[in-house]
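S.K.: What follows is a predicted structure for the sequence shown.
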Amino acid sequence: MRPSPSPDGQAGARGLPDWRVLVVGGASGMGKTGVARALARRYDVPVVEVDDIVEALLAVTRPEHLPEVHHWRTHPEAARRAPESVAERQIAIAEALAPAVEAVVANHVGTDTPVILEGDYVLPEVATPGGAVRAVFLHEDDEARVTDNYLRREPEAGPQHHRARVSVLYGRRLAARARAAGVPVVAPRPWEDLAGRVVATLGPARGEAVVPRPGGGSARGRAPGDDGAARDGSTEHEVRSVHGDEAGAPAP
């Protein structure tokens, strides 16, 4: 879906972004969903979740066709293995999903329809830094903070130490690949200004003014009252886990 034209004929009240796909990646519990929604409001574009790609592939393929994608369903016990093993499996699943993710990205670039693509199972190599496909990866390396994130969101589950350890290990792998690919890695905390910090890594969209701030620095022009943050509390950390309640995965 293309951005709605404004009365003066320009696409979108805030200007069409220079990118056509903005990837928001990282491990579970890093705040991807909240910041993706905030960015979607800012740029007036939809969000596509990698979970939906996973579900579509699970529905139309068999385990023998895409064994990695079906792994959590065919091997539910694997989610309880050593965190290092689970994190490595997550990388393998992301790599197996890469052709499908790349096809979605190519479609949006080819049809000139901007979208934000968010999820655990997207790899940074899909990005073209400075080009039509931008990316930012979120990573929290403090295992205790990730554990607290899960506990605050899912108190009935109690402290999920294994899940948090997996998230940190998988996140480290994604962050290392992101840096190697020239993709920015952003710390989720503080949550309150996460969306703004992500925007700062992207540069201004077409039609956005860059205005000086008192005391130095700059701020990008935006609609009155829009600070780039979520209005419904969705900048709160994301807690869906690829080895917990992620698409196709068993509960820990």
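M.R.: It's in.

S.K.: which residues in the stretch 1-150 of the chain form helices?
M.R.: Under the criterion DSSP state H, counting those that start in this stretch, the stretch 1-150 of the chain carries helices at the ranges 32-43, 50-60, 71-74, 83-110, 143-153.

S.K.: chain center to the last one, what's the gap?
M.R.: By that I understand helix 143-153. Computed by Cα atoms, centre = their mean, to the nearest Å, the chain-centroid distance of helix 143-153 equals 18 Å.

S.K.: Next: the first one.
M.R.: Using Cα atoms, centre = their mean, the mean C-alpha position of helix 32-43 is found 10 Å from that of the whole chain.

S.K.: Alpha carbons of that helix, as CSV, please.
M.R.: Below are the C-alpha coordinates for helix 32-43, written out as CSV (Å, rounded to 0.1, in the frame of the first residue of the first chain):
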residue,chain,number,x,y,z
LYS,A,32,11.6,-4.2,18.0
THR,A,33,7.8,-4.3,17.8
GLY,A,34,7.3,-1.1,19.7
VAL,A,35,9.9,0.9,17.8
ALA,A,36,8.6,-0.5,14.5
ARG,A,37,5.1,0.7,15.3
ALA,A,38,6.4,4.1,16.3
LEU,A,39,8.4,4.4,13.1
ALA,A,40,5.4,3.3,11.0
ARG,A,41,3.4,6.1,12.5
ARG,A,42,6.2,8.6,11.9
TYR,A,43,6.7,7.6,8.2
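
S.K.: What mean pLDDT does it get?
M.R.: Helix 32-43 shows a mean pLDDT of 94.

S.K.: rewinding a little: out of the helices of the stretch 1-150 of the chain, flag the one nearest Ala127.
M.R.: Across these, Ala127 has its closest neighbour in helix 83-110 (9.0 Å, Cβ to Cβ). For every residue, glycine as well, the C-beta is placed using N, CA and C.

S.K.: coming back round to it: same list, the helices of the stretch 1-150 of the chain, but as TSV with mean neighbour count and distance to Ser167 please.
M.R.: Supplementary listing: the helices of the stretch 1-150 of the chain in TSV, determined by neighbours: other Cβ atoms under 10 Å; distance: least, Cβ to Cβ, whole Å:
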stretch	mean neighbour count	distance to Ser167
helix 32-43	24	12
helix 50-60	16	16
helix 71-74	17	15
helix 83-110	17	8
helix 143-153	18	5
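
S.K.: Looking at these, spot the one closest to Gly196.
M.R.: helix 32-43 (8.9 Å).

S.K.: if we can go back for a sec, dump the helices of the stretch 1-150 of the chain into CSV; add distance to Val166 as well.
M.R.: Listed next are the helices of the stretch 1-150 of the chain as CSV, based on distance: least, Cβ to Cβ, whole Å:
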stretch, distance to Val166
helix 32-43, 16
helix 50-60, 17
helix 71-74, 12
helix 83-110, 5
helix 143-153, 9
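
S.K.: Select, out of those helices, the one closest to Ala181.
M.R.: Distance to Ala181, taken as Cβ to Cβ, is lowest for helix 83-110 among the helices of the stretch 1-150 of the chain, at 12.9 Å.
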